[in-house]
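Chemist: I'd like to go over a predicted model; first the sequence, then the structure.
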Amino acid sequence: MPIVRFPALMKFYVDNQSEFPVAGATVTELLDNMVARYPALKPHLFETGGNLRRHQYFCKWHSSA
């Protein structure tokens, strides 16, 4: 399951967590599940028309452990 990390300024919207797992096989599923779990995130992640805001950053890390 993917781990989502949030910067300190955004932790307020996710119950003060800096990281947490969110189910999703695609980025779209992950975002849908995250907004369903934390609805206050939606205006910070998406523009009014539903497009992802330009300042969002997604990357994939692999652990060698």
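Modeler: Yep, that arrived. Numbering: from 1, shown residues only.

Chemist: which residues touch F6?
Modeler: Y13, V14, Q17, S18, E19 (Cβ atoms under 8 Å, 6 or more residues apart in numbering). Bear in mind the C-beta positions are built from the backbone N, C-alpha and C, glycine included.

Chemist: what's the last one sitting at in phi/psi?
Modeler: The reference is to E19. Backbone torsions of E19, given as degrees, to the nearest 10, read phi -160, psi 150.

Chemist: And for the second one?
Modeler: Backbone geometry at V14, expressed as degrees, to the nearest 10, gives phi -130, psi 50.

Chemist: what's around the nearest residue to it once chain neighbours are set aside, how many residues?
Modeler: Among residues not flanking V14 along the chain, Y38 sits closest, at 5.1 Å (Cβ to Cβ, 6 or more residues apart in numbering). Using other Cβ atoms under 10 Å, Y38 has 20 other residues around it.

Chemist: looking at it, V35 is touching K42, isn't it?
Modeler: Yes: between V35 and K42 there is a contact at 4.9 Å, judged by Cβ atoms under 8 Å.

Chemist: Other residues contacting the host helix or strand of V4?
Modeler: Take DSSP states H and E as the rule and V4 turns out to sit in strand 3-5. Under the criterion Cβ under 8 Å, 6+ apart, residues S18, E19, F20, P21, V22, L30, M34 lie in contact with strand 3-5.

Chemist: a strand runs through the third one, doesn't it?
Modeler: Yes: residue assignment for F20, taken from DSSP: H, G, I helix; E, B strand; the rest coil, places it within a strand.

Chemist: dump the residue contacts of it.
Modeler: So F20 contacts I3, V4, V14 (Cβ under 8 Å, 6+ apart).
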